[in-house]
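Student: Task: produce atomic coordinates for the following.
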Amino acid sequence: MRRGLRRAVTALCLVAGALLVITLLARCMLFPRGMVKPDPRAGEGIAGLERLWLETEAGRVEAWFLPGGGVSRAAPGPLVIFAHGNAELIDLWPELLEPYRKLGVSVLLPEYRGYGRSAGSPSQRAIAEDLVRFHDLVVARPEVDRARVVLHGRSLGGGAVCALASARPPRALILQSTFTSVRAMARRFLVPGFLVRDPFDNLEVVSRIRPRLLILHGEHDELIPFRHAEALRGAVPGSRLVPLRCGHNDCPPDEAAFWRELTSFLREAGVLRR
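Tutor: So this is what the prediction gives:
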C-alpha cells in the first residue's frame, strides 16, 4: 500500500514538474527578449525623438515619442501607438514608421519590460499596465489630439495593443500579422491552453469593443496562419482585411502599397483630415 502511494506521489510530482517546464518554455517562446541586443547609440540622430520613462515596481521602462510633422500646441495632431513583435525592440522602428510622421501623425514606441533598456520581466499584465500609463501620459500632451489615437500592433504587438484597447478604446485599430489569441497559437504546438499564462485574447477584445479595424496579414504566414486574420475580421462587422503576398517576417512585401492602405484607412476613420 505504501509503495503504491509513493509511486502515485512520484508520478504526480513528475507530471507537475513537466507542466511547469512546459509553462516556462511557452513563456520563453512568447517573449524571446534576449534575441536582440539594444544598441547603445539607438535613437541618436533621429529628429525630435524624446525618451520617456515609467517608474514601475520592477524598475524603469522606456518609450520613445516621435512628433508628427507640423504638429504643435496650436495644431495638435493624431497619435499612433505602435507595439512591436516578440523578438524586436523599439530601436528598429523609427525609420520604418517615418511615413506616419510625414502624414502629421505622432508616434509612440513603448518598450516591453525586460526588453532593450527596460527593467523587469514581460507579461500580459505588465505590458497592459505600462501601455495604459504611457497612453495616458502622451495623450495629455497639448500637441496630441486625444480624439484621434490609433493603436497599431505587429505580431505579439497585436496582443499588446488589444490589451490597451480593452482599457482605452482607440479611434482606430490596426492589426498586422497577429493572432486571435496565444491559446489558439499554443494548440498548434500541442501546448494545452490552460498552461498559457499570457493569453492575449485579441478575438475577445475586438468582438467586445467593435473598433474601426484594419487587418493586414500575409497569405503565406508560416507562423500565424491566415485563418487568424479571417477570424478577427469576422468578429467586427465592417472591418477591412488586406491579404498580402508574403509570410510573417517579410511582411509587408510592398512598402508603398502597405502605406497606401494605411493612409486610406486613416482617412476613412477620420484620423487624417487632409
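
Student: Next up, phi/psi of Arg208, please.
Tutor: Backbone torsions for Arg208, taken as degrees, to the nearest 10, come to phi -80, psi -40.

Student: Leaving aside the residues adjacent along the chain, what's closest to it?
Tutor: Counting by Cβ to Cβ, 6 or more residues apart in numbering, Ser166 is the residue found nearest to Arg208 once chain neighbours are left out, at 7.6 Å. Heads up, the C-betas are built off the backbone N, CA and C, glycines and all.

Student: Buried residues, the helix or strand where that neighbour lies. List them.
Tutor: Using DSSP states H and E, Ser166 sits within helix 156-167. Across helix 156-167, burial judged by 16 or more other Cβ atoms under 10 Å covers Leu156, Gly157, Gly158, Gly159, Ala160, Val161, Cys162, Ala163, Leu164, Ala165, Ser166.

Student: Out of those, flag the one nearest to Arg210.
Tutor: Ala165 (10.7 Å; Cβ to Cβ).

Student: ok, now which ones touch the closest one?
Tutor: Applying Cβ atoms under 8 Å, 6 or more residues apart in numbering, we find Ala165 in contact with Leu151, Leu173, Val205, Val206, Ile209, Pro211.

Student: before we move on, back to that, compile the buried residues of helix 156-167 into TSV and extend it with columns for distance to Ala256.
Tutor: Output for those, formatted as TSV (distance: Cβ to Cβ, whole Å):
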residue	distance to Ala256
Leu156	26
Gly157	22
Gly158	23
Gly159	28
Ala160	27
Val161	24
Cys162	28
Ala163	31
Leu164	29
Ala165	28
Ser166	33
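
Student: that older thread, I figured the residue nearest to Arg208 hits Val206, correct?
Tutor: No - using Cβ atoms under 8 Å as the test, Ser166 is too far from Val206 to be in contact (9.6 Å).

Student: picking up where we left off before, dump the residue contacts of the residue nearest to Arg208.
Tutor: Taking Cβ under 8 Å, 6+ apart, we find Ser166 in contact with Ala128, Val205, Arg208, Ile209.

Student: From Gly159, how far out is it?
Tutor: 11 Å (Cβ to Cβ, to the nearest Å).

Student: sorry, back to before: relative to His228, which of the contacts of Ala165 is nearest.
Tutor: Checking the contacts of Ala165 one by one against His228 (Cβ to Cβ), the nearest turns out to be Val206, at 11.8 Å.

Student: tell me which residues in the longest strand seen in the chain are buried?
Tutor: What stands out as the longest strand in the chain, according to DSSP state E, is strand 144-154. Buried residues in strand 144-154, counted by 16+ other Cβ under 10 Å: Val144, Asp145, Arg146, Arg148, Val149, Val150, Leu151, His152, Gly153, Arg154.
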